[in-house]
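> Dropping the sequence and predicted coords here.
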Amino acid sequence: MTAITKTDVLIVGAGPIGLFAVFELGLFDMKCHLIDILDRPGGQCAELYPEKPIYDIPAWPSISAQGLVDKLLEQIAPFKPEFTYSRMVSSLERLDDGSFRVITDENEVFEAKIVVIAAGGGSFQPKRPPIPGIEPYEGKSVFYSVRRMEDFRGHDLVIVGGGDSALDWTLNLQPVAKSVTLVHRRPEFRAAPDSVNKMYAMQEMKQLEFQVGQVTGLTGSDGQLVSATIKGPEGDVEVPCTRMLPFFGLTMKLGPIAEWGLNLHENLIPVDTEKFQTSVPGIFAVGDINWYPGKLKLILSGFHEVALMAQAAKRIVSPGERIVFQYTTSSTSLQKKLGVVD
Amino acid sequence: MTKLTFIAHDGTHFDVDAENGSTVMENAIRNAVPGIEAECGGACACATCHVYVDEAWTAEVGEPEAMEEDMLDFAYEVQPNSRLSCQIKVRDALDGLVVRVPARQG
């Protein structure tokens, strides 16, 4: 029997809006657990543009995206949120008592009174490389991650890409594979210089091949690759390929949330503008993932949305309890929760 | 105003007036040029605003910087005249610039 993690509010997505939701919910004494597909908090701010300055956060004339994430983590620390990283939520069901059971892609089970979807543009997933006809090979001889190195033993392996993942796996799988061909568009890499030097040294010793170019075609049948065509500066080259590992970065996909029965509007989740609740009572959607007339995909709008959402969530978590509107500047009880007074 | 021409993959021409200082990508989005997605909004973080600069203009437009070159690794059918349109700033010298939109953005 898998252990069940129970919490008041399960937040899907640990980007800036998911993080600030912890603050607003925390002021109403609701405990939060966040799940994110990335291995750290921050969402797009951390993954896509950590060093880019943002100019429209009130009272911050300029703040880097990572700086904003760091400040949010500091701000929500008093509420001790819990995080589960590198997981995607897969299924959701409503239990008899009205609460929700959410299961991740690694079969962890969560139960929460409220679910808040703050999933931004969706979950980050490996980008399918622009190689025509790749789909039938995926999961059979084309893989986007390495689960077990043994799966590559004795294979003619082609690794595509110029970043750290591509270089690291080229070096690590070389002793296991029958042959390794690294394919990259140009002779410059985005990877650690040490790995690049090692790769060139191994190429020198004929332990692996490095081809400058782009993969333009695949040959094989029934999902089993035989060879790959590489278009290089000197024309097409055919290389043996029974396993391929393309590393083309990440893209965002809505994923299994699409199956949660939330009446999607062009891949966005419609909500009302009083509570930011979805068509399912108890499930809220905030930030870039929601839609309502006049919606603006701004971090600042998401902050507003979580403040109103928290009021509505409190009414569900503590039915009948009077909600008193208070300011953090003057309320001793809020200040106690924030740990700024004894 | 600086004149720009986008040629969509199906051959349709989009002639637009662009303000100096704006990016070529912003003008594509503002004028709904099909095939320019600009998923990341211009942060040079996604390679979905990839264009081919017309041969007559490559010298004037110039070469991509290192960060853009890195990001171009994720684009589809990259050629020597490939650029990310969010990294090309409109200026007087680019009056008449022609760029082509690729078949797909990754």
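In hand now; what should we look at? Numbering: from 1, shown residues only, chains lettered A, B, ... in the order given.

> need the helices for chain B, in chain order.
Using DSSP state H, the helices of chain B run over B:24-30, B:58-61, B:66-72.

> what residues does the second one touch?
The list of residues contacting helix B:58-61 from outside it, by CB atoms under 8 Å, 6 or more residues apart in numbering or on different chains, reads B:53, B:80-81, B:83, B:88, B:93-94, B:97. Bear in mind the C-beta positions are built from the backbone N, C-alpha and C, glycine included.

> hmm, try it at 6 Å
B:53, B:81, B:93 (CB atoms under 6 Å, 6 or more residues apart in numbering or on different chains).

> out of the helices of chain B, deepest packed?
helix B:24-30 (a mean of 21; mean count of other CB atoms under 10 Å in any protein chain shown).

> How far does stretch A:219-230 stretch from one end to the other?
End-to-end distance for stretch A:219-230: 12 Å, by CA to CA, to the nearest Å.

> Any part of that stretch near chain B?
No - Stretch A:219-230 stays clear of chain B (CB under 6 Å from any CB of the partner chain), getting no nearer than 13.5 Å.

> can you give me the mean pLDDT across that stretch?
Stretch A:219-230 shows a mean pLDDT of 96.

> Same question for that stretch: list its buried residues.
A:220, A:225, A:227-230 (16 or more other CB atoms under 10 Å in any protein chain shown).

> Now for the residue found closest to A:Val286 once you drop the neighbours it is linked to in the chain, how many residues are close by?
Leaving aside its chain neighbours, A:Val286 sits nearest to A:Glu305 (4.4 Å; criterion: CB to CB, 6 or more residues apart in numbering or on different chains). Close neighbours of A:Glu305, defined as other CB atoms under 10 Å in any protein chain shown, add up to 26.

> again, but for A:His265
13.

> near chain B, which residues of the stretch 201-342 of chain A?
A:248-249.

> Kindly report the same for the stretch 1-150 of chain A.
A:48-49, A:52, A:130.

> Mind putting the buried residues of stretch A:219-230 into TSV with secondary structure?
Compiled in TSV, the buried residues of stretch A:219-230 are given as follows (DSSP: H, G, I helix; E, B strand; the rest coil):
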residue	secondary structure
A:Gly220	strand
A:Leu225	strand
A:Ser227	strand
A:Ala228	strand
A:Thr229	strand
A:Ile230	strand
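
> what separates the residue nearest to A:Val109 when sequence neighbours are not counted from A:Ile103, distance-wise?
Spatial nearest neighbour of A:Val109, excluding adjacent residues (CB to CB, 6+ apart): A:Ile4 at 4.7 Å. Remark: distance between A:Ile4 and A:Ile103 (CB to CB, to the nearest Å) = 10 Å.

> Common neighbours of these two, please.
With CB under 6 Å, 6+ apart, A:Ile4 and A:Ile103 have common neighbours A:Val109.

> Look at the two and report which has more neighbours.
Counted by other CB under 10 Å, A:Ile4 and A:Ile103 do not tie: A:Ile103 has more neighbours, with 17 against 10.

> Wait, B:Thr2 touches B:Asp95, no?
Yes - between B:Thr2 and B:Asp95 a contact is recorded at 4.7 Å, counting by CB atoms under 6 Å.

> Settle it for me: which of these two has more neighbours?
The residue with more neighbours, out of B:Thr2 and B:Asp95, is B:Thr2; 19 against 13, by other CB under 10 Å.

> quick revisit: export the buried residues of stretch A:219-230 to JSON lines and tack on distance to A:Gly287?
As requested, the buried residues of stretch A:219-230 are exported to JSON lines (distance: CB to CB, whole Å):
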{"residue": "A:Gly220", "distance to A:Gly287": "42"}
{"residue": "A:Leu225", "distance to A:Gly287": "40"}
{"residue": "A:Ser227", "distance to A:Gly287": "45"}
{"residue": "A:Ala228", "distance to A:Gly287": "40"}
{"residue": "A:Thr229", "distance to A:Gly287": "42"}
{"residue": "A:Ile230", "distance to A:Gly287": "41"}
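
> residues from chain B in reach of chain A?
Going by CB under 6 Å from any CB, the residues of chain B near chain A are B:40, B:43, B:45, B:70, B:73-74, B:76, B:78, B:106.

> Now render the helices of chain B as TSV, adding mean pLDDT.
Shown next, in TSV, are the helices of chain B (pLDDT from 0 to 100):
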stretch	mean pLDDT
helix B:24-30	95
helix B:58-61	96
helix B:66-72	87
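
> In JSON lines: those helices, plus distance to A:Phe143.
Shown next, in JSON lines, are the helices of chain B (distance: least, CB to CB, whole Å):
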{"stretch": "helix B:24-30", "distance to A:Phe143": "33"}
{"stretch": "helix B:58-61", "distance to A:Phe143": "37"}
{"stretch": "helix B:66-72", "distance to A:Phe143": "23"}
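
> Would you double-check that the residue nearest to A:Val286 falls in a strand?
No - counting by three-state DSSP, A:Glu305 falls outside a strand, being helix.

> separation between it and A:Ile269?
Taking CB to CB, one finds A:Glu305 at 12 Å from A:Ile269.

> State the phi and psi torsions of A:Gln311.
Main-chain dihedrals, A:Gln311, degrees, to the nearest 10: phi -60, psi -50.

> and it, what is it in contact with?
With CB under 6 Å, 6+ apart as the criterion, no residue contacts A:Gln311.

> Need the three-state assignment for A:Thr181.
Classified using three-state DSSP, A:Thr181 is strand.

> Spit out the contact partners of it.
A:158, A:209, A:211, A:239.

> which residues does it bridge with?
For A:Thr181, the beta-bridge partners are A:Val158, A:Glu209 (DSSP bridges).

> For chain B, give the residue positioned nearest to chain A.
Per CB to the nearest CB, B:Tyr76 is where chain B lies closest to chain A, at 3.5 Å.

> Next up, the contacts around that residue.
Counting by CB under 6 Å, 6+ apart, B:Tyr76 has contacts A:130, B:104, B:106.

> 7 Å instead, please
Applying CB atoms under 7 Å, 6 or more residues apart in numbering or on different chains, we find B:Tyr76 in contact with A:130, B:102, B:104-106.

> What distance do you get for it to B:Val51?
Counting by CB to CB - B:Tyr76 and B:Val51 are separated by 12 Å.

> Just the closest residue of chain A to chain B, please.
Counting by CB to the nearest CB, chain A gets nearest to chain B through A:Pro130 (3.5 Å).
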